[in-house]
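Engineer: show me how the following folds:
(2 chains)
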Amino acid sequence: MSGYGADINNSIWMRAVLFAGGFLTFGIIAFSILGVALAGPAHEEYLAAVDEYHHAEDAWKESVAAGHSIDGDHHDALYIEMEEAHHHEEEAHLSYLNWRVSGNTILVMCIIFASFIGIGGIVNSIQPDAEHSDDEHEHHGSASPIIFTFGIMLFMIGFPGFANTITEILTGTNAVLGEMAIGVIGLLVIILGVSNWWREDLPFNGHGEQIATSHPFEGEHIRKAGIWVFIMSEIMIFATFFSSYLRMRTGWCTKWAFDNDMCDADATGYDILTASDYLRPSGAAGTGDFWTILPGGINTFALIISSYTIVIALKTAKAHDWSRPDNFMTKFIPLPIMKFVFPDQKRTVRNFLFATLMLGSLFIILKLVEWSHLVAEGFTVSTSQAGSIFYIATGAHGLHVFIGLLIMLYLVFKADTVGYDEENAQGIEYFGLYWHFVDLAWVLIFPAFYLY
Amino acid sequence: MGDHEVIGLEKWLKDNTGMDIYFWNFIVLMFFTLFEIGAVFFDKIPGTDIKISLMMVWAILIVVGIIKGYGIGAYFMHLKGDPGIYFKTAMFPVLFVLLMIFGIGLSNPDGVDGLPSWCTPNWDYATRR
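Structural biologist: Down below sits the predicted model:
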């Protein structure tokens, strides 16, 4: 037994290694299909479209030089042909990016998932089983959060060197591996801290939950109070992004502001493009249509659905006498599907946590596909203040989603092995609060940055 | 998301539809998200010649944001039903958020007179400076 609570054999952690193998396999298959099989022909088509565009451009320039066409005549057949070729090139590029970026993202995410759960599993499975003690119902406290925090501090100190070296490796320039030493040590400490944390939590069966004894949280679970205080600090972080954005936005003369007479009196036109100008159908960049707003829209739905799936997971875990749902919604679902989704209480919790994991992963994939489109269209982090705040705010939110996914990996693992019930479901409940907060933040980010 | 007594609207929904408040909250969130995207996607109200103005879009985004925020906070995060201290904890940073938004006007390098008129309603010094 490790930690406190139920008797858990450390060999159970080998299942985490199986999880890691599953993620790696899935990542490689998805990358092979999306990033290679589908992206390959799309890349060929893109290169052909580039050639076609260059030919059309040359033909137009030669025609202008020879005096057959007038520079600036947008009704000239050659000019129209060049513009159509350019449009086709852009579409081919974005189509290629769809496959390539989604394939790469799934592969990288699966590698990170596999590393996280796999290393944690190996580290914990090789630990000797602790002796059974009689004080199992008493909480022992934990050093894991401090180890974890120390790891984050080291990683942040070493981050500039770490990021530089990774960039040098990716761009093929001379990389000095020693520069990333502190960052790598930080990552190792983080993984060890998290592994130890998991090891302590896995046997937790609900006994020993610490209760606050003083005002204002007297009688409440300390962990619940802690997560709310943490969320309080998160609200402040996102508030800084919003206030920065609003502060800058009031000073920008966007097309929307210009059309509604909100710019300076001497303004002759809009002078900045925001992300929504690229994404909205009526945006000033002229690139927006149904398909550009679609990823953000799907992501919004994905987060809301994921909020609901984690609620179902918690409800199922806390149910006294669980039985397969029978209501007007389930009447439309074939029995084999119902049996697959709701096999029994333990596996239903796991299934819905896994569904939450998948929906969160979909969010990250679509987010990066969308970013790749914006970058391809010239809207980067260094384009303007609008680019900086867009990528920083949505990137910070995406990072929160991704960190949530790493925590959810463990929840899925615990749901699959030890299982959650009405006694120990607090883990899902407290993580759910964080996940709902991430959803709530998106409720504000999406309209502010994508629709407005 | 903790255990709580099912009363009022929650009980009525459960008794009459067989589905709990979480399900209906989820449906409401999905509907308003669709509404939100639609407000931006269409230039005119579908089936009419009524143009969707900037102010109308703002109003829709803000109202929908409040409704969705309430749905997630009150039901999914269970602030409605949990002890009041959690609500107070969640609301505590709002004070600072309001200060930050107020700070937009104070921190503008153009000074308050450089802000758009809708940001400086009836402030005499905005025109005197």
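Engineer: drop to CA atoms for contacts and neighbour counts, all remaining ones
Structural biologist: OK.
Engineer: just the helices from chain A, written as ranges.
Structural biologist: Counting by DSSP state H, one finds helices in chain A at the ranges A:14-30, A:39-65, A:77-125, A:144-171, A:181-201, A:222-249, A:255-259, A:275-279, A:290-318, A:335-341, A:345-376, A:385-416, A:426-445.
Engineer: looking at the ones you listed, which is buried most?
Structural biologist: Mean neighbour count (mean count of other C-alpha atoms under 10 Å in any protein chain shown) peaks for helix A:275-279 among those, with a mean of 25.
Engineer: what about residue B:66, how many residues close to it?
Structural biologist: By other C-alpha atoms under 10 Å in any protein chain shown, the residues close to residue B:66 number 14.
Engineer: hmm, who's touching the helix or strand containing it?
Structural biologist: Secondary structure assignment for residue B:66, by DSSP states H and E: helix B:54-70. Helix B:54-70 has contacts (C-alpha atoms under 8 Å, 6 or more residues apart in numbering or on different chains) with A:256, A:260, A:440, A:443-444, A:447, A:452, B:29, B:32-33, B:36, B:39-40.
Engineer: any idea how far the residue lying closest to residue A:284 once chain neighbours are set aside lies from residue B:55?
Structural biologist: Nearest non-adjacent residue to residue A:284, counting by C-alpha to C-alpha, 6 or more residues apart in numbering or on different chains: residue A:277, 4.9 Å away. Per C-alpha to C-alpha, to the nearest Å, residue A:277 is found 17 Å from residue B:55.
Engineer: with mean pLDDT as added columns, please give the helices of chain A in CSV.
Structural biologist: Formatted as CSV, the helices of chain A follow (pLDDT from 0 to 100):
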stretch, mean pLDDT
helix A:14-30, 94
helix A:39-65, 93
helix A:77-125, 91
helix A:144-171, 89
helix A:181-201, 91
helix A:222-249, 88
helix A:255-259, 83
helix A:275-279, 89
helix A:290-318, 92
helix A:335-341, 89
helix A:345-376, 94
helix A:385-416, 93
helix A:426-445, 93
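Engineer: nearest to residue A:216, of the contacts of helix B:54-70?
Structural biologist: Taking C-alpha to C-alpha as the measure, residue A:216 lies nearest residue A:440 of the contacts of helix B:54-70, at 25.2 Å.
Engineer: where along chain B do the helices fall?
Structural biologist: Along chain B, counting by DSSP H, helices occupy B:8-17, B:21-41, B:54-70, B:84-107, B:124-128.
Engineer: ok, and does stretch A:332-343 reach over to chain B?
Structural biologist: No. Remark: stretch A:332-343 sits outside contact range of chain B, by C-alpha under 8 Å from any C-alpha of the partner chain, the gap being at least 14.6 Å.
Engineer: what about that stretch, start to end distance?
Structural biologist: Distance across stretch A:332-343, first residue to last, is 17 Å (C-alpha to C-alpha).
Engineer: any low-confidence regions in chain B?
Structural biologist: Scanning chain B for pLDDT under 70 picks out B:1-6, B:103-129.
Engineer: pick out the residue of chain A closest to chain B.
Structural biologist: Residue nearest to chain B within chain A (C-alpha to the nearest C-alpha): residue A:247, separated by 4.9 Å.
Engineer: with adjacent residues omitted, what lies nearest to residue 30?
Structural biologist: All of this is about chain A. Of all residues beyond its chain neighbours, the one nearest residue A:30 is residue A:103 (6.2 Å), with distances taken as C-alpha to C-alpha, 6+ apart.
Engineer: you answered for a different chain; I wanted chain B.
Structural biologist: Using C-alpha to C-alpha, 6+ apart and skipping residues adjacent in sequence, the residue nearest residue B:30 is residue A:301, 6.7 Å away.
Engineer: circling back to that earlier point, in a markdown table, list the helices of chain A along with distance to residue B:95.
Structural biologist: Listed next are the helices of chain A as a markdown table, based on distance: least, C-alpha to C-alpha, whole Å:
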| stretch | distance to residue B:95 |
| --- | --- |
| helix A:14-30 | 44 |
| helix A:39-65 | 49 |
| helix A:77-125 | 38 |
| helix A:144-171 | 28 |
| helix A:181-201 | 34 |
| helix A:222-249 | 10 |
| helix A:255-259 | 29 |
| helix A:275-279 | 29 |
| helix A:290-318 | 27 |
| helix A:335-341 | 44 |
| helix A:345-376 | 31 |
| helix A:385-416 | 21 |
| helix A:426-445 | 17 |
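Engineer: how many neighbours does residue A:75 have?
Structural biologist: 9.
Engineer: cool, residue A:327 as well?
Structural biologist: Number of residues near residue A:327 (other C-alpha under 10 Å) recorded here: 11.
Engineer: how many neighbours does the closest residue to it other than its chain neighbours have?
Structural biologist: If the residues on either side of it in the chain are set aside, residue A:327 comes closest to residue B:18, at 6.1 Å by C-alpha to C-alpha, 6+ apart. Applying other C-alpha under 10 Å, we find 14 residues neighbouring residue B:18.
Engineer: go ahead and confirm residue B:18 touches residue A:329.
Structural biologist: No. Taking contacts as C-alpha atoms under 8 Å, residue B:18 lies outside contact range of residue A:329: 9.5 Å.
Engineer: who are the contact partners of residue 39?
Structural biologist: If you meant another chain, say so; for now it's chain A. Contacts for residue A:39 were tallied using C-alpha under 8 Å, 6+ apart; they are A:96, A:97, A:99, A:100.
Engineer: other chain: chain B
Structural biologist: Residue B:39 makes contacts with B:52, B:57, B:60, as judged by C-alpha under 8 Å, 6+ apart.
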